[in-house]
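Peer 1: kindly generate the corresponding structure for this input.
(one chain, ligands or ions: 2)
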Amino acid sequence: VDESVVEDMRRLEESFKGISQKYRLINRIGEGTFSTVYKAEQLLQPHELDQENDEPMDESEAEMPPAKRRKTRRKPQIVALKKIYVTSSPHRIMNELELLHELRHSPYICPLLTAFRHLDQVVAVLPYFRHLDFRLYYREFLINDMRHYFRCLLHGLKHVHQAGILHRDIKPTNFLYDHSRRSGVLVDFGLAERQGTDWQPCLCQESSHKRRDRFMNSYAVQVLQSTQDLLSQNYPKNDSRPSRRANRAGTRGFRAPEVLFKCTSQTTKIDIWSAGVILLTLLARRFPFFNSADDVDAMIEMASIFGRRKMQSVAAMHGQVFETNIETIGERGFTFEKIILWASCQNRESDTLHLGEEQAVDFLHSLLELDPHKRWSAKELLQHPFFTAPVE
Ligand code: ADP
Ligand code: MG
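Peer 2: Residues are numbered from 1 along each chain as shown. Ligands and ions are numbered 1, 2, ... in the order given. Model prediction:
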């Protein structure tokens, strides 16, 4: 363990006396914007030490040979301690703990064991879940591995969405996957929210007819007609027009089109889009697949795949205008098949997708669908032939 990590762990133990009595810190395993995560061993408490030998055995333990019995009893529980930074607002911390508690009954979601507060610091305790870094396996993943990965991820999302909650930050580091056990759990509800929080009607809620009429009379279209801005060589990054407020929390590269287009009535479907980005990453064997610095660049990346026409129609759906004169953005974009073949061309023998890949691409269409109304739900996706009638 690195010297600076040891020092960091010592500081935590010192500032947080309650923690060092209950846990022995082993290593630092994650460091993000809003938290640091440590691997730790749960220590037996004095009363537990006394009882250890004469505690009654449960039925399953009594059936074991004595040698094994003691081993299972002595096995220390390994936990993940998530220290949430004080820069995160108390409201946010409360929200994360509350949602985690509410979602604790799914085997696909890492449950909250307990939490501690010392002054302004909060530490959440979760069972440690063994997993590999996505970057170590995404190139080798076979279609069948993707099936196991997405089955777990979608079961997790189904549970979250049925509770009316949006995770908002679906990406590989927030889905811990153990390749060897073929199991995975969702973590990090730091950006999660209940569907309907800051909800405002968006044009996308209306029927397509009404939407078109309203759109043609909209402020955005008038602005477009009266400004040369959007048609000039450089697209306006410092747009002075009044902007619409919408939640855009999430990670770049994983944001759904409706998040980029500032939809004010975002739904659980935003998580399905992000899951789709993971699938595209696995199929194309490119990570990160999207790598834009900001939302405008993200739209351009999206447009170069989906084409101008589809981007314009999805922008209009949310009452926005999408216009670009970038020459590499075609009218119709490219098929996923083409993109996957190009991206992975060096390591394949034929220039067509194999049967399993074709089925995965068909599945991908149901996730990476620009229109959130047409994008499938987690529950529907679990019934997709990709899972129910697998081919290889
Ligand atoms: P952040 O808000 O900082 O992103 P996360 O909850 O996503 O915090 O945790 C950051 C990282 O810590 C994860 O990507 C993962 O590698 C590790 N981690 C988090 N929870 C666990 C856990 N229960 N078991 C094992 N590792 C975990
Ligand atoms: Mg995270």
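Peer 1: ok but Ile300 is inside a helix, no?
Peer 2: Yes: remark: Ile300 belongs to a helix, assigned using DSSP: H, G, I helix; E, B strand; the rest coil.
Peer 1: once you drop chain neighbours, what's closest to it?
Peer 2: Of all residues not flanking Ile300 in the chain, Ile326 sits nearest, at 6.4 Å (C-beta to C-beta, 6 or more residues apart in numbering). To be clear about C-beta, it is placed using only N, CA and C from the backbone, and glycine gets the same treatment.
Peer 1: ok, that neighbour touching Met299?
Peer 2: No: if you go by C-beta atoms under 8 Å, Ile326 and Met299 don't touch, sitting 10.6 Å apart.
Peer 1: who has more neighbours, the two?
Peer 2: Shown here are Ile326 and Met299; by other C-beta atoms under 10 Å, Met299 has more neighbours (23 against 11).
Peer 1: now do the contacts for the more buried one.
Peer 2: Pro257, Leu260, Phe261, Met311, Phe322 (C-beta atoms under 8 Å, 6 or more residues apart in numbering).
Peer 1: the same query, at a cut-off of 6 Å, please.
Peer 2: The contact partners of Met299, by C-beta atoms under 6 Å, 6 or more residues apart in numbering, come to Leu260.
Peer 1: now do it, the pLDDT please.
Peer 2: Residue-level confidence at Met299 comes out at 95, pLDDT.
Peer 1: how close does it sit to ligand 2?
Peer 2: Separation of Met299 from ligand 2 (C-beta to the ion, to the nearest Å) stands at 24 Å.
Peer 1: buried stuff in the strand or helix carrying Ile19?
Peer 2: Element membership of Ile19, judged by DSSP states H and E, is helix 17-22. Going by neighbour count (16 or more other C-beta atoms under 10 Å), the buried part of helix 17-22 is Ile19, Ser20, Lys22.
Peer 1: host element of the closest residue to Ala246 other than its chain neighbours?
Peer 2: Once flanking residues are discounted, Ala246 sits nearest to Lys262: 3.9 Å by C-beta to C-beta, 6+ apart. Element membership of Lys262 [criterion: DSSP H and E] is none; it lies in no helix or strand.
Peer 1: ramachandran angles for Lys262?
Peer 2: Torsion angles at Lys262 (phi, psi; degrees, to the nearest 10) stand at phi 50, psi 40.
Peer 1: tell me the pLDDT of it.
Peer 2: Turning to Lys262, the model gives it a pLDDT of 94.
Peer 1: once you drop chain neighbours, what's closest to the residue of the stretch 151-300 of the chain at minimum distance from ligand 1?
Peer 2: Closest to ligand 1 within the stretch 151-300 of the chain is Asp188: 3.3 Å, counting by C-beta to the nearest ligand atom. Nearest non-adjacent residue to Asp188, counting by C-beta to C-beta, 6+ apart: Asn174, 4.2 Å away.
Peer 1: over to Thr281?
Peer 2: Thr281's closest residue in space is Phe289 (C-beta to C-beta, 6+ apart), at 4.5 Å.
Peer 1: so what's the residue count around the one you found?
Peer 2: 20.
Peer 1: so whatever residue of the stretch 251-392 of the chain ends up closest to ligand 2, which state does it fall into?
Peer 2: Nearest residue of the stretch 251-392 of the chain to ligand 2: Thr251, at 8.5 Å (C-beta to the ion). Assigned by three-state DSSP, the conformation of Thr251 is coil.
Peer 1: show the contacting residues for it.
Peer 2: Listed by C-beta under 6 Å, 6+ apart, the contact set of Thr251 reads Asp169, Lys171.
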